[in-house]
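S.K.: What follows is a predicted structure for the sequence shown.
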Amino acid sequence: MSLLQDTIGKIESLDKEMTAKARDRVNHLIKPPTSLGRLEDLAVQLAGITGNLFPVVDNKAIIVMAGDHGVYEEGVTSNPQEVTFAQTLNFVKGITGVCALGRVSGARIIPVDVGIKVDLPENSGVINRKVKYGTDNMAKGPAMTREEAIHSLEIGIEIANAEINKGANLLGTGEMGIGNTTPSTAVLSVLGKIDPLEITGRGAGLGTGGREHKANVIKRAIELNKPNANDGIDVLAKVGGLEIGGMAGVMLAAAASKIPVVIDGYISTAAALIAAAIEPKAKEYMITSHASAEIGGQKASELLGMKPMLYIDLCLGEGSGAALAFPIVEAACSMMKNMVTFAEAEMEI
């Protein structure tokens, strides 16, 4: 059995008995009912994920998948493709946005080259798991073969499993890839049956043709490749990205190991849609961090069926939203452990 199939087979629904116990405890903590809002729902979810009434998330890692995109040659962005290479090396130096934000909760940042267009220097500190030198141009044919798409998913699974084996009990997803809002929008368009023009945004910077040109490139790619919306792997292969596949693999691995995984912004949510299309139960282990400022961000979250925690106009990517959300996840655990019920406090209600 392949690693992907083996991982999918291990994904179960949340522990319903523990979820019920957690909800009962939350409802009886010394506070007005529902006064801690969605933090209460998060605590219940974490208990159901981990099977522990008092979940622990003291070992955190954000896995940042990096890859380039052949569709870049269509002029969909104004940013040099070389930025993918340069910024990926900066994750190792600890000087990027997600690195700065990850310091707040002590999260480790794990950069992975799953498809950068050029080779990184030896001993760069970036994990080299390159499937190929960037995807092919989806406006001229499939972004990758089905086998390459599965390979990207399995790389994500392997990297996540390695971190879990080191003790990670909370994962986050991040990415780096110039032009990757284009395949993300294509994925959302296919799975949500939405006109690309409705959800195409500026990304890190629009090319000279503007938003309409970018949307038309996406539409042309979908019409040419005819991805099957009922097959998440087919969608990933035909109009996705290697880093999108890598992140989806991380999410599947987290669900298989009963580990919560925090989803970053637009590109990560596109990856979450792929993971959920492959195995719907994987969604139960996901925590959405923030509402991306990208036009398609809200639609992506709605299609995933999850409401983000933070509304602060982020659109950086890298896993930055996941890093910001980690302390909230820790707060939910602290609420369960350090607050007492009315009965424990011997208070009349």
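M.R.: Thanks, I have it.

S.K.: residue at max distance from the center of the protein?
M.R.: In terms of distance from the mean C-alpha position of the chain, E348 ranks first, at 44.3 Å (Cα atoms, centre = their mean).

S.K.: In contact with that one, which residues?
M.R.: Contact analysis of E348 by Cβ atoms under 8 Å, 6 or more residues apart in numbering lists F342. Every residue, glycine included, has its C-beta placed from N, CA and C.

S.K.: so it, which of the three states?
M.R.: Assigned with DSSP: H, G, I helix; E, B strand; the rest coil, E348 falls in the coil class.

S.K.: give me the number of residues near the residue lying closest to V83 once chain neighbours are set aside?
M.R.: Take V83 and drop its neighbours on the chain: the residue closest to it by Cβ to Cβ, 6 or more residues apart in numbering is I178, 5.2 Å away. Neighbour count of I178, defined by other Cβ atoms under 10 Å: 25.

S.K.: Just the helices from the stretch 101-250 of the chain, written as ranges.
M.R.: 146-165, 181-192, 196-199, 210-225, 232-239, 242-256 (DSSP state H, counting those that start in this stretch).

S.K.: What helices and strands are in contact with the fourth one?
M.R.: Helices and strands touching helix 210-225, as assessed by 3 or more Cβ pairs under 8 Å, 6 or more residues apart in numbering; DSSP states H and E, comprise helix 181-192, helix 196-199, helix 232-239.

S.K.: can you redo the ones you listed as JSON lines with mean neighbour count?
M.R.: JSON lines is the format used below for those (neighbours: other Cβ atoms under 10 Å):
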{"stretch": "helix 181-192", "mean neighbour count": "28"}
{"stretch": "helix 196-199", "mean neighbour count": "20"}
{"stretch": "helix 232-239", "mean neighbour count": "26"}
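
S.K.: Of all those, which one comes closest to Q5?
M.R.: helix 232-239 (11.2 Å; Cβ to Cβ).

S.K.: Would you mind listing the outside residues contacting the closest one?
M.R.: Counting by Cβ under 8 Å, 6+ apart, residues outside helix 232-239 touching it are 138, 142-146, 148-150, 152-153, 183, 186-187, 190-191, 218, 221-222, 225-229, 244-245, 248, 273-278.

S.K.: Buried by neighbour count, from those residues: which ones?
M.R.: Buried members of the contacts of helix 232-239, scored by 16 or more other Cβ atoms under 10 Å, are 138, 142-144, 148-150, 152-153, 183, 186-187, 190-191, 218, 221-222, 225, 227, 244-245, 248, 273-278.

S.K.: now the chain, which segments are flagged as low pLDDT?
M.R.: 1, 203-208, 349 (pLDDT under 70).

S.K.: for this protein, what spans make up the strands?
M.R.: Assigned by DSSP state E, the strands in the chain fall at 60-67, 108-115, 127-128, 170-176, 261-263, 286-288.

S.K.: which stretch among those comes nearest N52?
M.R.: Across those, closest to N52 is strand 170-176 (Cβ to Cβ), at 13.0 Å.

S.K.: Could you list every helix and strand that the closest one packs against?
M.R.: Short answer (3+ Cβ pairs under 8 Å, 6+ apart): strand 170-176 packs on strand 60-67, helix 82-93, helix 146-165, helix 242-256, strand 261-263, helix 266-278, helix 320-338.

S.K.: Now it - C-alpha only, PDB.
M.R.: Only the C-alpha atoms of strand 170-176 are listed here, as PDB (Å, rounded to 0.1, in the frame of the first residue of the first chain):
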ATOM      1  CA  LEU A 170       0.800  21.200  17.000                       C
ATOM      2  CA  LEU A 171       1.600  21.700  13.300                       C
ATOM      3  CA  GLY A 172       1.100  24.700  11.000                       C
ATOM      4  CA  THR A 173       1.300  25.000   7.200                       C
ATOM      5  CA  GLY A 174       3.100  27.700   5.300                       C
ATOM      6  CA  GLU A 175       4.400  28.200   1.700                       C
ATOM      7  CA  MET A 176       6.700  30.200  -0.500                       C
END
